[in-house]
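Asker: Prediction below, plus the sequence it came from.
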2 protein chains.
Amino acid sequence: MVQEIRVEDLDAKGFIAEQVAAIRAAVGEGTAINALSGGVDSSVVTALGHRALGERLRTVMIDNGLMREGELERTAEVFAGLGVPVEIVDARDAFFAALRGVTDPEQKREAITQTFYRDVFGRLVRESGARVLLQGTILTDVDETVAGIKRQHNVFAQLGIDPQATFGYRILEPLVQLRKDGVRAVGEALGLPEEVFRRPPFPGPALAARVIGEATPERIATVRRATAVVERILAGSGAFQYLAILHEDRVTGMREGRREFGQQIEVRCWDSVDARVASPTQLGWETLRALADQVLAEVPGVVSVTYNLATKPPSTIEAV
Amino acid sequence: MVQEIRVEDLDAKGFIAEQVAAIRAAVGEGTAINALSGGVDSSVVTALGHRALGERLRTVMIDNGLMREGELERTAEVFAGLGVPVEIVDARDAFFAALRGVTDPEQKREAITQTFYRDVFGRLVRESGARVLLQGTILTDVDETVAGIKRQHNVFAQLGIDPQATFGYRILEPLVQLRKDGVRAVGEALGLPEEVFRRPPFPGPALAARVIGEATPERIATVRRATAVVERILAGSGAFQYLAILHEDRVTGMREGRREFGQQIEVRCWDSVDARVASPTQLGWETLRALADQVLAEVPGVVSVTYNLATKPPSTIEAV
């Protein structure tokens, strides 16, 4: 049972000192490895790990083909600026091969989990000789997985999975007592730029969580373009999270006077403190119109755009 | 080639006199039959036909299992109040049998067209000895069918189909030169109640056009409940048309803390004059929240509600 640290009880400096000590104790004289996605959780773990281990932490970004436009490059650049070298590993083929023909959300998550931990990371850890994988699991990931709502890609112990036996390495989770608001506070205390510690959440399965149905390279390209539009328009909204979802349903549309059986993009924009409950953000009508017009203009094959109105619960933040 | 009569050029009284004369000329001493759905077009044709033929017009409502809550009963009641007797024909089994396993929108429309004209109406016309079927095709139906945007159920001549040869009866279309605004003006001039001539449009394939994918009795029941909620909330909106669409995509939701892979309802509400072009209505946030909350509370199995933001084009009014 993990002991929750609520943000109002969090002493960020003290927490950092404790976690740095814990990481040093676990790694000893050896080395560790961690995967940086660019999200708040893995960014904070990267910064914590580097404070603890310096060059004995190897930080990689896995290019799974499911990242957003320019995301890898921008994240690597930001961390290079902080003196943290980041290595990019191209694993796109492995992920798309694992996702081929998979439409069920849980199977999609499982395909990504297995490819990441067993195939790609299994090899990297073996090759590097690292004793420990540091990762950014937070308490909400554990809760949702244990409750059976969504299997988060980074939760093992609570499901009775021993990473040492299954994948051949130990996993350390410095943030597992925190929720998103606590992680942001630790990120700020670590001196990360606001662009990093305020960054809206992005799901573990990345853009694969943003397509209903099969995550092919073509469908990922479509939702990537829609995501770029939505993030550009909503960047200043102050919302907790905003996303574009590519539906599998086809709807009737028309282009140049002819019927086009096209695709639909759903936009979700959430107000939330910690993702446990959430409400759709009350965006202005001009903003809603801009979302629709720009998605329709910039994303080929899309003839329909909707805005989510449901709360969580009974909805969830992501559709997949 | 049909000659359009624009609403600004329409002399409603003169138009009614001409059409009454044309109907009398076509039917002669015989009888005619017409199907009333309750929509503006078929209601106006019913009133025109009764003015022309009196008791020599037999008006039936086909219960295809795809109507909205209380729609048959309410329409029959309104027309009874106008002195027009309406006969209800139960054909639900025939329609659901024809729709079984059909998911493509055009095939769905075709299944309904064939069931209606060939099976149900073929028998009714033969039994009644009517010489003519009066129906409410309008110019927009013809345009969309000819342009290949949507095959409207009531368009034949323009597709090279001869109803006499195909179905065994002649079809008369008194409203084919008008668009929706013209039909409303004629309805008002005929003395129909405002509830009838101002009624928002409803598609020929009825609720089958409101489900993406197969139109099973269960899925029709779901969209029927959502439609009742949406029409209740938006009745006073002044919008041109408003509708609920049941998606086929499943999305992750949660009920009582457990994952529920649930359904999504999309709400569309349109500003338009004649349905050729349309924009989503700028509803207030309270109204949007009420739509979501009440659909989620009242429609079993639904965990997600969205609002359409796309214009027509590139969208169309209906999704199917």
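Answerer: Sure, I can see it. Residues are numbered from 1 along each chain as shown, chains lettered A, B, ... in the order given.
Asker: check which helix or strand covers A:Arg184.
Answerer: helix A:180-189 (DSSP states H and E).
Asker: Go ahead and confirm A:Cys269 touches A:Ser237.
Answerer: Yes - between A:Cys269 and A:Ser237 a contact is recorded at 6.5 Å, counting by CB atoms under 8 Å. For glycine as for every other residue, the C-beta is placed from the backbone atoms N, C-alpha and C.
Asker: For these two, indicate the residue with more neighbours.
Answerer: Shown here are A:Cys269 and A:Ser237; by other CB atoms under 10 Å in any protein chain shown, A:Cys269 has more neighbours (25 against 15).
Asker: re the thing from before, residues shared between the contacts of A:Cys269 and A:Ser237?
Answerer: With contacts taken as CB atoms under 8 Å, 6 or more residues apart in numbering or on different chains, A:Cys269 and A:Ser237 have A:Thr281, A:Leu283 as neighbours in common.
Asker: that older thread, show me what the helix holding A:Arg184 is in contact with.
Answerer: Taking CB under 8 Å, 6+ apart as the criterion, the residues outside helix A:180-189 that touch it are A:5-7, A:10, A:12-13, A:15-16, A:40-41, A:43-44, A:47-48, A:136, A:138, A:140, A:175, A:178, A:194, A:196-198, A:201, A:273-275.
Asker: Report the outermost residue of chain A with respect to its centre.
Answerer: In chain A, counting by CA atoms, centre = their mean, A:Gly257 sits farthest out from the average C-alpha position, at 40.1 Å.
Asker: Please give me every residue in contact with the nearest residue in space to A:Glu248 that is not next to it in sequence.
Answerer: Taking CB to CB, 6 or more residues apart in numbering or on different chains, and ignoring the residues beside it in sequence, A:Glu248 has A:Gly213 as its nearest neighbour in space, at 3.5 Å. Remark: with contacts taken as CB under 8 Å, 6+ apart, A:Gly213 is in contact with A:Thr103, A:Arg219, A:Glu248, B:Asp249.
Asker: Read off the pLDDT value for A:Gly213.
Answerer: At A:Gly213, the pLDDT value in this model is 95.
Asker: A:Thr287 now?
Answerer: If you check A:Thr287, the pLDDT there is 98.
Asker: Surely it is within a helix?
Answerer: Yes - under DSSP: H, G, I helix; E, B strand; the rest coil, A:Thr287 sits within a helix.
Asker: list the contacts for it?
Answerer: Listed by CB under 8 Å, 6+ apart, the contact partners of A:Thr287 are A:Ile233, A:Leu234, A:Ser237.
Asker: Looking at these, which one is closest to A:Val295?
Answerer: A:Ile233 (9.1 Å; CB to CB).
Asker: For that closest one, grab phi and psi.
Answerer: When quoted as degrees, to the nearest 10, the phi and psi of A:Ile233 stand at phi -70, psi -40.
Asker: Show the pLDDT at it.
Answerer: With respect to pLDDT, A:Ile233 scores 98.
Asker: Check A:Arg151 too.
Answerer: At A:Arg151, the model reports a pLDDT of 65.
Asker: Strands of the stretch 201-320 of chain A, start to end?
Answerer: Assigned by DSSP state E, counting those that start in this stretch, the stretch 201-320 of chain A shows strands spanning A:241-246, A:251-255, A:258-271, A:279-280, A:302-308.
Asker: likewise the stretch 1-150 of chain A?
Answerer: In chain order, the stretch 1-150 of chain A shows strands spanning A:32-35, A:57-63, A:86-90, A:132-134, with DSSP E, counting those that start in this stretch as the criterion.
Asker: elements contacting the second one?
Answerer: So that's strand A:57-63. In terms of contacts (3 or more CB pairs under 8 Å, 6 or more residues apart in numbering or on different chains; DSSP states H and E), strand A:57-63 is packed against strand A:32-35, helix A:40-53, helix A:71-81, strand A:86-90, helix A:121-128.
Asker: can we see that at 7 Å?
Answerer: strand A:32-35, helix A:40-53, helix A:71-81, strand A:86-90 (3 or more CB pairs under 7 Å, 6 or more residues apart in numbering or on different chains; DSSP states H and E).
Asker: Sheet partners, orientation included, of that strand?
Answerer: In its sheet, strand A:57-63 lies beside strand A:32-35 (parallel), strand A:86-90 (parallel), with partners assigned from DSSP bridges.
Asker: which residues touch the last one?
Answerer: Contacts of strand A:86-90 from elsewhere in the structure, counted by CB atoms under 7 Å, 6 or more residues apart in numbering or on different chains, are A:Leu36, A:Thr59, A:Val60, A:Met61, A:Ile62, A:Asp63, A:Leu72, A:Ala76, A:Phe79, A:Ala80, A:Val120, A:Leu124.
Asker: 6 Å instead, please
Answerer: With contacts defined as CB atoms under 6 Å, 6 or more residues apart in numbering or on different chains, strand A:86-90 is touched by A:Leu36, A:Thr59, A:Val60, A:Met61, A:Ile62, A:Asp63, A:Leu72, A:Ala76, A:Phe79.
Asker: do the same with stretch A:247-254
Answerer: A:212-213, A:260-262, A:264, A:303-304, B:105, B:149, B:212, B:247-249, B:313-316, B:319.
Asker: what does stretch A:123-137 give?
Answerer: Outside stretch A:123-137, the residues that touch it by CB under 6 Å, 6+ apart are A:26-27, A:30-34, A:41-42, A:45, A:49, A:58, A:154, A:169-173, A:175-176.
Asker: Flag every buried residue along that stretch.
Answerer: Counting neighbours by 16 or more other CB atoms under 10 Å in any protein chain shown, one finds that the buried residues in stretch A:123-137 are A:Leu124, A:Val125, A:Ala130, A:Arg131, A:Val132, A:Leu133, A:Leu134, A:Gln135, A:Gly136, A:Thr137.
Asker: closest to A:Glu298 among those?
Answerer: The nearest one, if we look at these relative to A:Glu298 and count by CB to CB, is A:Gly136, at 31.9 Å.
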